[in-house]
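# model this:
(chains A and B)
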Amino acid sequence: MIDIQLLRSNLDGVAAQLARRGYHLDVAAFKALEDARKSIQTATEQLQSRRNALAKQVGQAKAKKDEAQAATLMRQGAELGERLKQMEAENAALQARLHEFVWQIPNIPHESVPLGSRPEDSVEQRRWGEPRSFDFQPKDHVDVGAGLDGLDFDTAAKLAGSRFVVMRGQVARLHRAIAQFMLDVHTSQHGYTEVYTPYMVSGACADGVTSLAKFRDDLFKVEGRDLYLIPTAEYSVTNLVRDEILPLERLPLRYACHSPCFRSEAGAAGKDTRGMIRNHQFDKVELVQIVHPAKSYEAHEQLTGHAEAILRKLELPYRVVTLCTGDIGFPSAKTYDIEVWLPSQKAYREISSCSNFEAFQARRMQARFRNEKGKAELVHTLNGSGLAVGRTLVAILENCQNADGSVTVPGALREYMSGQERIARA
RNA sequence: GGAGGGUUGGCAGAGCGGUCGAAUGCGGCGGACUUGAAAUCCGUUGGCCCGCAAGGGCCCGGGGGUUCGAAUCCCUCACCCUCCGCCA
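Numbering: from 1, shown residues only, chains lettered A, B, ... in the order given. Below you'll find the predicted structure:
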């Protein structure tokens, strides 16, 4: 969430900055809420002060064995109690409303984020690699996978419905190899610590990284329990530092985590229904960084570079896009999307999203560090896919396919495939 | 599943219903001593909210209750630990 002090001190300024991302901040509502809060809070605290003073006097009277005096004071205290109870309830209700109001405000976009309301307004930063020109008609990953007896959507549908996949044989192994490879690169070359975390988190943790109220429908919930299947390892990994005050020297923390991700895709009916571009379950290697506030934009560039390194090693053409103000996610201050080339679609498709959340998530999670002055201060959090495993498999099947239906294994993955250079139908 | 114990400040750990936001130790910070460091000694050291300030309020796992007054009593939920049973 954004700093409520900032709202109090510069409400119109915040509203203007939020307007850049298409969010209308109800300034009048906030003012009304704040005014009411102020008067009720002050009144409540005055009553509390009097109650405390009275209670103290009762103690003193009793110590002096002045029972008559004590009885008088206790009667006064009892009278005061009734009013206090009402005030406290009113105060609590108002604080809750204010809290709710502030918690559903999205993050303020960083000044470097291009202004725009549609995906087309996002700005391409760079491209790497040349899309391959085929001397035959390339198939999409569904057909390549079927030809290899490796991807089976019909059977998956029998088990769990649409938007699932069954992988077999060499394709399943390739999928596993991709994840291993990514994890190894990030831990051995980019300074990340591998972590294994729960695939379910509490509602509070979900609310720590984004707005649960807003995104509840996108999550799978465990029936009858306050547990949600993670839609990305970000949910569990970022929360590793919730309610912590980290020593300065522990920063930065860099975590890499391979996990399955579960998404209900409630709002995506009819979109990307073919293949495994948008499934209810997919694997991803996630990168998370917990950093000093002064270093987060530097870290953001590095983290994006770490994700890009994977595509370079796999020799898959991609481009990097800075999402425009209207397209960044709820908690994000700035996001780079990395898009990989898919021959079947003749288009670049998202394979990674790298965001700097500044203190937005940290404030929700109460994730802090002890700064140079010894004071507790909120950390900055970042994450990025490094990369989505399923979509990487899709990209390899499509970009590395051969006319005979086989697929060439990218050089970087061969050590994970017993040196095998290509996958063909068994 | 059954029985019991526990959750207190950065950490460890005390705390008869009244002056406890909380002893003590460690750690941190400042200082003395030292060429420097260690050791020792002295001082200091939680978070949050309102307020220009003075000052006030809240926080002892979460929530509720009893009371003039709750870290201390009661209820409830969560988590942790120990033992028994069961299971992988």
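# Quick one: residues contacting the residue of the stretch 1-150 of chain A found nearest RNA strand B.
Closest to RNA strand B within the stretch 1-150 of chain A is residue A:77: 2.5 Å, counting by Cβ to the nearest atom of the strand. Any C-beta I mention is one placed from the backbone N, CA and C, and that applies to glycine too. Contact partners of residue A:77, counting by Cβ atoms under 8 Å, 6 or more residues apart in numbering, are A:51, A:54, A:55, A:58.
# of those residues, buried ones?
A:51, A:54, A:58 (16 or more other Cβ atoms under 10 Å).
# just to revisit the earlier point, what about the residue of the stretch 1-150 of chain A closest to RNA strand B, which helix or strand?
Element membership of residue A:77 [criterion: DSSP states H and E] is helix A:67-103.
# so how far is that helix from its chain's centroid?
From the chain centre to the centre of helix A:67-103 is a distance of 39 Å (Cα atoms, centre = their mean, to the nearest Å).
# quick one: buried residues of that helix?
A:70, A:73-74, A:77, A:80, A:84, A:87, A:91, A:94, A:98, A:101-103.
# same deal with stretch A:295-310?
A:296, A:297, A:299, A:300, A:302, A:303, A:304, A:306, A:307, A:308, A:309, A:310.
# the strands in the stretch 101-250 of chain A, which residues?
Residue ranges of the strands in the stretch 101-250 of chain A, as given by DSSP state E, counting those that start in this stretch, are A:123-128, A:151-152, A:166-167, A:193-194, A:200-201, A:228-229, A:245-246.
# would TSV of these with mean pLDDT and mean neighbour count be doable?
TSV is the format used below for the strands of the stretch 101-250 of chain A (pLDDT from 0 to 100; neighbours: other Cβ atoms under 10 Å):
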stretch	mean pLDDT	mean neighbour count
strand A:123-128	95	12
strand A:151-152	94	20
strand A:166-167	96	18
strand A:193-194	94	12
strand A:200-201	90	20
strand A:228-229	92	22
strand A:245-246	82	15
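# Out of the ones you listed, which is closest to residue A:41?
Residue A:41 lies closest, by Cβ to Cβ, to one member of the strands of the stretch 101-250 of chain A: strand A:245-246, at 26.8 Å.
# That closest one and RNA strand B, are they touching?
Yes: residues of strand A:245-246 are located near RNA strand B by Cβ under 7 Å from any atom of the strand, namely residue A:245.
# got the residues of the stretch 301-426 of chain A near RNA strand B?
With the criterion set to Cβ under 7 Å from any atom of the strand, the stretch 301-426 of chain A comes near RNA strand B through A:374, A:375, A:376.
# Just the ones of the buried ones among the contacts of residue A:77 in strands?
Using DSSP state E, no member of the buried ones among the contacts of residue A:77 falls in strands.
# related to what we said a few turns ago, quick one: the strands of the stretch 101-250 of chain A as a markdown table, columns for distance to residue A:315 too.
Compiled in a markdown table, the strands of the stretch 101-250 of chain A are given as follows (distance: least, Cβ to Cβ, whole Å):
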| stretch | distance to residue A:315 |
| --- | --- |
| strand A:123-128 | 10 |
| strand A:151-152 | 22 |
| strand A:166-167 | 22 |
| strand A:193-194 | 25 |
| strand A:200-201 | 36 |
| strand A:228-229 | 34 |
| strand A:245-246 | 38 |
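# between these, which gets nearest to residue A:238?
Closest among the strands of the stretch 101-250 of chain A, once you apply Cβ to Cβ, is strand A:200-201, at 10.0 Å.
# RNA strand B next: which of the contacts of residue A:77 are close?
For RNA strand B, the contacts drawn from the contacts of residue A:77 by Cβ under 7 Å from any atom of the strand are A:51, A:54, A:55, A:58.
# Surely the last one touches residue A:67?
I take that to be residue A:58. No: here residue A:58 lies out of contact with residue A:67, judged by Cβ atoms under 8 Å, at a distance of 10.7 Å.
# Next one: the residue nearest to residue A:180 when sequence neighbours are not counted from RNA strand B, what distance?
Leaving aside its sequence neighbours, residue A:180 sits nearest to residue A:416 (Cβ to Cβ, 6 or more residues apart in numbering; 5.3 Å). Plainly put, residue A:416 is 28 Å away from RNA strand B if you go by Cβ to the nearest atom of the strand, to the nearest Å.
# Just the strands from the stretch 301-426 of chain A, written as ranges.
In the stretch 301-426 of chain A, the segments counted as strands under DSSP E, counting those that start in this stretch are A:318-322, A:334-342, A:347-356, A:368-370, A:376-378, A:380-388, A:407-408, A:422-423.
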